[in-house]
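In: below are the sequence and a predicted model for it; my questions follow.
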Amino acid sequence: MVSPRTKTAPDRPLPHRDRLLREGMRAFYAVGFHGTTVDAILETSEVPKGSFYHHFGSKEAFARAVLEQYMAFQLDLMGTWADRDDLTTPEKVEGYFDELVSNFVRSGFERACLAGKFSTELAASSDAFRIELNAGFARWKAGLAAMLSAGQENGDIRSDLPAAELATTVLVLLQGGFVLALSDHDDRSLESVRSTLATVLSPPRKRRV
């Protein structure tokens, strides 16, 4: 689940805030929240310390801003697939998942889900961050639920379970698959998730009388 890259004109340098967020994304993926220092971010982004504290105020507020950018990327990417009129709903979900996997593999099996990484590192020790993570995952699940609910209306997603419950299952499968792939640097667990998604989402087959 690779992070977004801020787009800008080739001859125009990124604003300080965007440069800090870009380097924060890179650093938090690489060494986590506790392994990242403000001084390291300032050095790699070539931004003065005063600018950092002007925009964010603290390291934790900065990490929450990076998380917000990451979640916006996830929702935008999912929305792009949800808007595809040429695909069935299962194909939209699989296309979204395949793009996440492709980005992850291109990163050398290093950049999975930043929200998942922050959850394991910070949710138990920071109430502010736990609330932020919970809100982010809620938006993620809501986006998935909206896509699956539309699929239920179209008849290509099972309707015997609520869309919200299916969305939670999909998100759990995604998170679990990427955790395993991070540990073994192998995409076979992700291939298993892909095949399981089809089983979980497809309408039950009608029994022949």
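Out: It's in. All figures in this text were calculated on a predicted structure; none of them were measured in a lab.
In: tell me who's in contact with S189.
Out: 177, 180-181 (Cβ atoms under 8 Å, 6 or more residues apart in numbering). For every residue, glycine as well, the C-beta is placed using N, CA and C.
In: of those residues - the most surrounded one?
Out: For the contacts of S189, the largest neighbour count, defined by other Cβ atoms under 10 Å, is 26 neighbours, found at G177.
In: so for the longest helix belonging to the chain, what gets flagged as buried?
Out: When the chain is parsed with DSSP state H, its longest helix is helix 127-154. Going by neighbour count (16 or more other Cβ atoms under 10 Å), the buried part of helix 127-154 is 129, 132-133, 136-137, 140-141, 143-149, 151-152.
In: which secondary structure elements does that helix sit against?
Out: helix 59-82, helix 89-106, helix 114-122, helix 163-184 (3 or more Cβ pairs under 8 Å, 6 or more residues apart in numbering; DSSP states H and E).
In: now with 10 Å, please.
Out: helix 59-82, helix 89-106, helix 114-122, helix 163-184, helix 188-201 (3 or more Cβ pairs under 10 Å, 6 or more residues apart in numbering; DSSP states H and E).
In: just put those helices in a markdown table and tack on distance to E23.
Out: Formatted as a markdown table, the helices and strands packed on helix 127-154 follow (distance: least, Cβ to Cβ, whole Å):
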| stretch | distance to E23 |
| --- | --- |
| helix 59-82 | 9 |
| helix 89-106 | 19 |
| helix 114-122 | 14 |
| helix 163-184 | 22 |
| helix 188-201 | 28 |
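In: for A30, which of the ones you listed is the nearest?
Out: Smallest distance to A30 across the helices and strands packed on helix 127-154 (Cβ to Cβ): 10.3 Å, for helix 114-122.
In: buried residues, the closest one. List them.
Out: 114-119, 121-122.
In: what's the answer for stretch 42-61, then?
Out: Going by 16+ other Cβ under 10 Å, stretch 42-61 has these buried residues: 42, 45, 47, 51-52, 55-56, 59.
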